[in-house]
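J.: Prediction below, plus the sequence it came from.
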Amino acid sequence: MDLYPAIDLRGGRVVRLAQGDFGRETAYRDDPVVVAQEYETAGAPWIHVVDLDAARGTGHNRELIASIAASVRTPLQCGGGVRDDDAAEALLGLGVRRVVIGTAAVERPELVARLGARHPGRVALGLDHRDGEVRVRGWIERSGEQLLDLVAAAGMYHVAAVIVTDIGRDGMLVGPDLEGLGAVVRATDLPVIASGGVGSLDELRAVGGVGVSGVIVGRALYEGAFTVEEAVSALRSTGAEPR
């Protein structure tokens with residue numbers, strides 16, 4: 001199972017939000033390129049980048065994302081505001097290995113299917129939920145769609161993976177929802193990448209044990225709960241096979 005250390009971008013800085021609340025932001029680093037290089041040196045198999053400005057519709061950090069992509073060989077998985085063909089193609093053109101589409105999965109599912117077919121292995125479905133209901137537009141708006149319903153339908157979109165973020169736990173270090181993640185894994189044959197709540201190596205191992213193919217970790221790394229090296233080793237030690 002793969003570790004995806006997160007770099008969330010807002011105003012050119014590396015930040016983390018608490019429960020998706022833009023009013024509860026903590027800025028950790030001023031140079032995302034250096035952070036990405038540190039992750040690569042530490043052995044991260046992927047780097048997960050989120051453009052929070054694009055997600056909220058207040059701008060974008062594409063030049064910075066291009067700089068990150070040019071500075072590391074580690075593949076980038078990038079999302080935030082990818083709601084049309086141009087946005088997806090722009091990120092792929094910058095050197096991003098995989099784009100994450102969230103809001104459009106609810107509002108324009110045909111876009112996801114089209115991009116997934118056009119770029120095999122390079123599109124992921126991002127589903128951010130609160131108490132099982134998927135949120136859109138930077139986690140601000142309720143969609144009325146249930147997480148497990150969209151997960152079950154994900155196979156028709158030609159995507160490489162499904163990324164599930166538990167908004168209520170994200171950035172809180174309160175532990176992941178193992179039961180909920182297990183239900184997601186059982187609802188699809190696609191690889192599932194979990195995000196939200198991991199605050200310790202034991203919790204990381206526990207997530208790895210439910211059958212996911214990867215885990216996104218942010219705040220726990222920035223606040224020193226564990227290192228990338230320790231996290232990679234912990235995931236490898238679970239011995240579980242992702243579905």
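T.: Nice, I can see it.

J.: distance between the ends of stretch 91-101?
T.: End-to-end span of stretch 91-101 (Cα to Cα, to the nearest Å): 12 Å.

J.: Give me the distance between it and the centre of its chain.
T.: Offset of stretch 91-101 from its chain centre (Cα atoms, centre = their mean, to the nearest Å): 13 Å.

J.: And for stretch 214-229?
T.: Centroid separation for stretch 214-229 versus its chain: 13 Å, with Cα atoms, centre = their mean.

J.: What is the least confident helix or strand in this structure?
T.: When each helix and strand of the chain is scored by mean pLDDT, DSSP states H and E, helix 103-107 comes last, with a mean of 86.

J.: residues of that one that come out buried?
T.: Neighbour-count burial for helix 103-107 flags 103-106 (criterion: 16 or more other Cβ atoms under 10 Å). Backbone N, C-alpha and C define where each C-beta goes, glycine included.

J.: any chance of those residues in JSON lines, plus distance to residue 16?
T.: As requested, these are exported to JSON lines (distance: Cβ to Cβ, whole Å):
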{"residue": "103", "distance to residue 16": "21"}
{"residue": "104", "distance to residue 16": "24"}
{"residue": "105", "distance to residue 16": "24"}
{"residue": "106", "distance to residue 16": "24"}
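
J.: Nearest to residue 189 among the residues you listed?
T.: Proximity of those to residue 189 (Cβ to Cβ) peaks at residue 105, which lies at 17.4 Å.

J.: Would you enumerate the residues in contact with that closest one?
T.: Residue 105 makes contact with 112, 125-127, 150, 157, according to Cβ atoms under 8 Å, 6 or more residues apart in numbering.

J.: The protein: strands as residue ranges?
T.: 2-10, 13-18, 21-29, 47-51, 76-79, 98-101, 123-130, 133-136, 141-146, 161-166, 192-195, 214-217 (DSSP state E).

J.: Just checking: what are the partner strands of the fifth one?
T.: Going back to what we said before, that points to strand 76-79. Strand 76-79 has the following sheet partners, assigned by DSSP bridges: strand 47-51 (parallel), strand 98-101 (parallel).

J.: Please apply the same query to the third one.
T.: Sheet partners assigned to strand 21-29 using DSSP bridges are listed as strand 13-18 (antiparallel).

J.: So, low pLDDT: which residues of this protein?
T.: Low-confidence segments of the chain (pLDDT under 70): 138-139, 239-243.

J.: Relative to the whole chain's centre, how far out is stretch 48-59?
T.: For stretch 48-59, the distance to the chain centre is 12 Å (Cα atoms, centre = their mean).

J.: Same question for stretch 222-240.
T.: 17 Å.

J.: With stretch 168-179 instead?
T.: Computed by Cα atoms, centre = their mean, the chain-centroid distance of stretch 168-179 equals 14 Å.

J.: Tell me the buried residues in that stretch?
T.: Going by 16+ other Cβ under 10 Å, stretch 168-179 has these buried residues: 169-171, 173-177.
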